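Here is a sequence with its predicted model. Questions after.
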Amino acid sequence: MKQRYYRVRADILDPVAPDRCRWIKDGELVFGRDGTIVHCGGRWDPRGRPVTAVAVPARSIVMPGLVDCHSHLSQYHVRGRGGHALLAWLRNYVFVEEARFRDKRYARTTAKSYYRKLLARGVTSVALYANYREGVLAAFREAERAGIRATIGYTLMDRGVPRPLRQPPRRALAECADILARTADGPHRLRFALNPRFALACSAAFMAEIGAFARRHRLHIQTHLAENLDELAAVRTAFPGARDYTSVYDRFGLLTPRTLLAHCIHLSDRERALVRDRGCGVVHCPSANMFLHSGRFPMEHWRGYPRLGLGSDVGAGPSFAMFDVMRDGYFVNMQSLERLFHLATLGGAAALGMGDVTGSLVPGKQADFLVVGIKESNRDSRRDILSDLIFKHDQRRIEKVFVAGREVFSA
Ligand code: GUN
Ligand code: FE
């Protein structure tokens, strides 16, 4: 049987390289029923093949779905709780809330609302932190229902946090093996990851076991690195023999091409070189960094690094909207809007190791895209369009969201 095709006619904005995107006036995006893009550009000749038009409002633009490389599902309810820097903020708001995710029902209803919010804000791919076996399984189940693309990590801790959050390494890894077995046959959109929270929440022995487990199963690893100066001082005390924070993770085999490192604010040149050598994904979280007054991400040291993405870091970041995170990224580092657009799409996808799957609209990739209405833009200038998208939230409206060619949100 012939494959059916779907086409969307609109102006198209698509990242091509850092600092460069293409703007196709009156373009056409075409994808098959299997969710794969077959064309993005000018008008497509179907040559007799069956095509269905996807209805979109007049004057819409089409762009790739946004990629959030760092978010905490279990902090959904404590977003925007201000007044403290990192370590006190974790103690005052976060640990108490995360301990609630052992409750299956709470985990399920929160996951459901969380994904709904992400999709409504145009996020089609997310790398997240969940808590407990029940919380992780609920995150998988609801992600499958929502249709989002997700890297779902188990937040692993065996010290330095309140007792209800601590787990003996052996039991935690047995649960990870169980989760892996239960989710192996799920959709390819969903991946399981190990998330040693940060060096202050994991013993040396636990980190070594996590590194070995991830290597054995080729799993992704997510963690936090060098976010806050008090955190750095505490890591120095906890690991007196270590050369620096980055080498703590490296010693335990946690720095791999499948690792995502959030923040990376206070690193030396040597540490940045190590992160680059290991090929880790680096996640800049500008909203959270400002919210917790952690410091400025030194963008100047990462220019040209292909695996750099943006993270909302909900709940330290108050907003799910990656357009807001892009705006905050602009406020902390002068850069082109094309570059911010790249970070939130193709750069993020590359950081997640999914640059060949999502992040831009090229044939062979999955049809992960947004239909966005912009009110009064000067449509002859991609700079004006990007400026309206990033800075003027009253000008933009996300009309529809697709993941792998399937409509997952409609306004
Ligand atoms: N470092 C360790 N845990 C966390 C967390 O939950 N949020 C942030 N922003 N930093 C962390
Ligand atoms: Fe975080």
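Structure's in. What do you need? Ligands and ions are numbered 1, 2, ... in the order given.

For the rest of this, base every contact and every neighbour count on C-alpha atoms.
Will do.

Where does T151 sit: helix, strand or coil?
Following DSSP: H, G, I helix; E, B strand; the rest coil, we place T151 in the strand state.

okay, now the domains of this structure?
Per automatic domain parsing, the domain ranges recorded for the chain read 5-64+359-410, 66-351.

closest to ligand 1 out of those?
domain 66-351 (5.2 Å; Cα to the nearest ligand atom).

May I ask you to name the longest helix in this protein?
In terms of residue count, the longest helix belonging to the chain (DSSP state H) is helix 104-120.

Does stretch 235-248 reach ligand 1?
No: Stretch 235-248 lies out of reach of ligand 1 by Cα under 6 Å from any ligand atom, never closer than 11.9 Å.

List the buried residues of that stretch.
235-236, 239, 244-248 (16 or more other Cα atoms under 10 Å).

For this structure, which residues are neighbours of ligand 1?
With Cα under 6 Å from any ligand atom as the criterion, the chain meets ligand 1 at residues 197-198, 224, 316.

Checking S387 next. Helix, strand or coil?
Secondary structure, three-state DSSP: S387 is helix.

ok, it - contacts?
S387 is in contact with L337, counting by Cα atoms under 8 Å, 6 or more residues apart in numbering.

Repeat that for A130.
By Cα under 8 Å, 6+ apart, the contact list for A130 reads 72-74, 136, 139, 152-155.

May I see the residues you listed arranged in JSON lines, with distance to D103 as well?
What follows is the contacts of A130, written out as JSON lines (distance: Cα to Cα, whole Å):
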{"residue": "H72", "distance to D103": "17"}
{"residue": "L73", "distance to D103": "14"}
{"residue": "S74", "distance to D103": "12"}
{"residue": "V136", "distance to D103": "11"}
{"residue": "A139", "distance to D103": "13"}
{"residue": "I152", "distance to D103": "18"}
{"residue": "G153", "distance to D103": "18"}
{"residue": "Y154", "distance to D103": "15"}
{"residue": "T155", "distance to D103": "16"}
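
quick one, phi/psi of R166?
phi -80, psi 140 (degrees, to the nearest 10).

center of the protein - which residue?
The residue lying closest to the centre of the chain (Cα atoms, centre = their mean) is C69, at 2.0 Å.

A127 is in contact with that one, correct?
Yes: the pair C69 and A127 qualifies as a contact (Cα atoms under 8 Å) at a distance of 4.9 Å.

what residues are shared contacts of those two?
Residues touching both C69 and A127 (Cα under 8 Å, 6+ apart) are L352.

picking up where we left off before, quick one: which of the contacts of A130 sit in helices?
Within those, residues falling in helices by DSSP H are 136, 139.

Could you check how far D34 is from A273?
According to Cα to Cα, to the nearest Å, D34 and A273 sit 41 Å apart.

and if you look at G211?
Distance, G211 to A273, using Cα to Cα: 20 Å.

Looking at these two, which is more packed in?
Higher neighbour count among G211 and A273: G211, with 22 against 12, using other Cα atoms under 10 Å.

Quick one: residues contacting that one.
252-254.

Highest neighbour count among those residues?
L254 (30 neighbours).

Tell me which stretches of the stretch 1-150 of the chain form strands.
Assigned by DSSP state E, counting those that start in this stretch, the stretch 1-150 of the chain shows strands spanning 5-17, 20-32, 37-41, 51-53, 60-64, 66-72, 123-130, 149-156.

what's across from D68 in the sheet?
Legend: beta-bridge partners of D68 under DSSP bridges are V126.

Could you count how many residues lie near it?
When neighbours are counted by other Cα under 10 Å, D68 registers 33.

Please apply the same query to D103.
Counted with other Cα under 10 Å, D103 comes out at 12.

what does R216 give?
Neighbour count of R216, defined by other Cα under 10 Å: 9.

per-residue confidence for the residue of the chain most remote from its centre?
For the chain, the largest distance from the centre (Cα atoms, centre = their mean) belongs to G48, which lies 39.3 Å off. We have a pLDDT of 92 for G48.

Equivalent analysis for M1, please.
On the pLDDT scale, M1 is placed at 60.

what's the offset of stretch 84-97 from the middle of its chain?
The chain centre lies 22 Å from the centre of stretch 84-97; the measure is Cα atoms, centre = their mean, to the nearest Å.
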